[in-house]
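quick one, fold the following:
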Amino acid sequence: PPHPSLFTFCTVATIAGVATGTHTAYSPSPAFTTLAITHASFRPVPASASVTVFGSSASAPAPASASPVSNAMLAGSLRAFFDAWNARDFEKAVEFVTDDVVYDDTLYPAPLTSKRALLSHLTHLGTLLPSSLAFCFDGLALDASGSPPTGGARWHVEATTAAGKTIVLPFSRGASFYEFDPVTGRISKAWDFPEASVKAGPVAVRLLAAVCWVLRVK
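Numbering: from 1, shown residues only. Prediction:
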């Protein structure tokens, strides 16, 4: 999950938006055709939601040499992991990762390299963030037939105000990519890419160009 400073910024921005009437609801793009899975207490799953499956048809029989995991199993692992996170049951959450999981939240300088380290990280975040903050899936793309099985997810973050209103926090979209254990379906590697809170597109491009010039990149 993203760094706590992101949520501090998001919370301030949300309060300002709600107070001034400029906060608008988040609307996922329909162009991303995947399995839409959301937290039970938030946005319902659209009836048109489907699974993006790579390598074989979702309904085709698996070949004899195929991995014992399925796309449904991978989706179940991800949903269970995020549901446990949203419930702040971190012991339960790490049941869905391998003992030697490598979890790379790109907001941090180095990845977490074990289940124990991930549990410590999640527990720390749980002490900093409001209990109503919840990660909600916008879509999944899965490939259980790969070696290893892989998947990707789009998500956003929602929260409940003191007035009981559910809101989508600004700058809280993100995408994650996963590798799974081919036998158990548990998460073995993960990469989180949260939305940037500062939209530095033109500046970032110029900075990249300057770095390339310094390094004499052709």
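
where does residue 167 land in three-state SS?
For residue 167, the assignment made with DSSP: H, G, I helix; E, B strand; the rest coil gives strand.

my read is that it contacts residue 158, right?
Yes. At 6.7 Å, residue 167 and residue 158 qualify as touching, with contact defined as Cβ atoms under 8 Å. C-beta: built from backbone N, CA, C; applies to glycine.

which one's more surrounded, those two?
Applying other Cβ atoms under 10 Å to residue 167 and residue 158 shows that residue 158 carries more neighbours, namely 21 against 18.

what secondary structure does the more buried one sit in?
With three-state DSSP as the basis, residue 158 sits in strand.

could you do residue 172 as well?
Applying three-state DSSP: residue 172 is coil.

hey, what's the residue lying closest to it once chain neighbours are set aside bridged with?
Nearest non-adjacent residue to residue 172, counting by Cβ to Cβ, 6 or more residues apart in numbering: residue 157, 3.6 Å away. On the basis of DSSP bridges, residue 157 is bridged to residue 135.

ok, now residue 150?
Beta-bridge pairing for residue 150 (DSSP bridges): residue 143, residue 179.

tell me the contacts of it?
142-143, 177-180 (Cβ atoms under 8 Å, 6 or more residues apart in numbering).

list the buried ones in stretch 91-109?
Buried positions in stretch 91-109, judged by neighbour count with 16 or more other Cβ atoms under 10 Å: 93-94, 96-98, 101-105, 107.
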